[in-house]
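S.K.: quick one: sequence plus predicted model below, questions after.
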Amino acid sequence: MTDKRVAIVTGASRGIGRAIATRLASDGRHVVCVSRSQGPLDELANEIESAGGSASSQTCDISDFDAVAAMIEGVAKDHGRLDILVNNAGITRDNLILRMSDEEWDEVINTNLKSVFVACRAAARPMMRGKFGRICNIASTSGLVGNAGQSNYAAAKSGLTGFTKSVARELGKKNITANCVAPGFVETDMTKDLPAAVTEHIKGVISTRNLGQPSDIAAAVAYVTSDDAGYLTGQTIAVDGGMTMC
Ligand code: NAP
């Protein structure tokens with residue numbers, strides 16, 4: 001069994017997940033980097049190890065629920081522990097409600113919400129065995145205040161906040177915390193295709209007047225998943241430059 005706390009970070013191949021994996025590794029965790037893309041995951045794990053950290057990579061499609069449970073059970077078995085689970089992987093399939101297809105709805109709900117339920121259910125047992133757990137689910141300000149064209153995404157992300165509170169209530173007495181971090185607009189592949197006029201409008205309603213960086217989100221996740229955060233549970237922390245303040 002490794003001495004380091006073992007963390008799984010989904011969606012680690014790029015963007016916010018990559019920053020979270022890098023940050024947790026620099027904080028001394030062994031990080032299991034998960035997504036569907038072997039190449040970028042191997043590259044990330046190598047980069048972390050070259051910097052003196054500890055990481056491994058594992059491919060998993062989080063919309064394949066059996067695969068998610070098997071991946072989590074496998075990590076816990078291989079390392080003899082599972083301390084931290086960051087459910088970060090997520091997708092958008094934006095459309096106005098009148099045009100949204102059943103497929104667009106189901107794909108987003110399955111990938112962004114049901115996969116998190118399956119992952120937390122699988123992680124609860126090894127965390128209980130270890131008498132320690134930190135779950136961090138990456139939500140979104142769209143789930144807090146809504147966003148036109150994102151009814152599927154907002155429903156999934158809003159669902160995460162209620163789900164996480166319930167998990168926090170169930171598992172708190174086992175020294176397992178569960179929180180959400182809700183990013184605002186962060187510069188990643190997910191936001192890179194926004195028209196310039198939309199980006200400028202968004203900047204105008206953000207108190208700090210800039211988009212966030214993946215490292216801004218990673219810093220919040222690092223705290224939420226740290227040993228120091230044992231008295232923080234059931235919360236949703238918006239990291240959005242003061243855009244929502246709710
Ligand atoms: P991104 O750049 O599009 O990256 C998404 C990550 O999720 C990739 O690593 C991708 O990996 C992984 N992923 C997607 N579908 C997957 C699947 N079925 N199985 C496994 N992995 C999958 O997105 P991001 O901007 O970093 O967003 C990360 C999280 O933050 C998401 O939950 C997103 O909803 C949330 N968020 C982002 C923003 C923002 O402004 N960027 C704002 C609010 C919330 P592969 O393609 O390699 O599988």
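M.R.: Happy to help now that I have it.
S.K.: my guess is residue 63 contacts residue 109. True?
M.R.: No: applying Cβ atoms under 8 Å as the test, residue 63 and residue 109 come out as separate, 10.1 Å apart. Yep, even glycine has a C-beta here, placed from its N, CA and C like the rest.
S.K.: what sits against residue 77?
M.R.: Contact analysis of residue 77 by Cβ atoms under 8 Å, 6 or more residues apart in numbering lists nothing.
S.K.: that one should be in a helix, yeah?
M.R.: Yes: remark: residue 77 belongs to a helix, assigned using DSSP: H, G, I helix; E, B strand; the rest coil.
S.K.: how close does it sit to the ligand?
M.R.: For residue 77, the distance to the ligand equals 21 Å [Cβ to the nearest ligand atom, to the nearest Å].
S.K.: cool, and residue 199?
M.R.: Noted for residue 199: a distance of 11 Å to the ligand, by Cβ to the nearest ligand atom.
S.K.: I'd like the distance between that residue and residue 211.
M.R.: Going from residue 199 to residue 211 by Cβ to Cβ, to the nearest Å gives 7 Å.
S.K.: joint contacts of the two?
M.R.: Listed as contacting both residue 199 and residue 211 by Cβ under 8 Å, 6+ apart are 185, 191.
S.K.: neighbour count: the two, which is higher?
M.R.: residue 211 (19 against 15; other Cβ atoms under 10 Å).
S.K.: my read is that the more buried one contacts residue 198, right?
M.R.: No: contact criterion Cβ under 8 Å: residue 211 and residue 198 do not qualify, at 11.3 Å.
S.K.: those residues of the chain touching the ligand, which are they?
M.R.: 10-11, 13-17, 35-37, 61-63, 88-91, 111, 138, 140, 183, 185-186, 188-191 (Cβ under 6 Å from any ligand atom).
S.K.: next secondary structure after the lowest-mean-pLDDT helix or strand in the chain?
M.R.: Least confident helix or strand, the chain: helix 196-205 with a mean of 95, by mean pLDDT, DSSP states H and E. Counting by DSSP states H and E, the next helix or strand C-terminal to helix 196-205 is helix 214-224.
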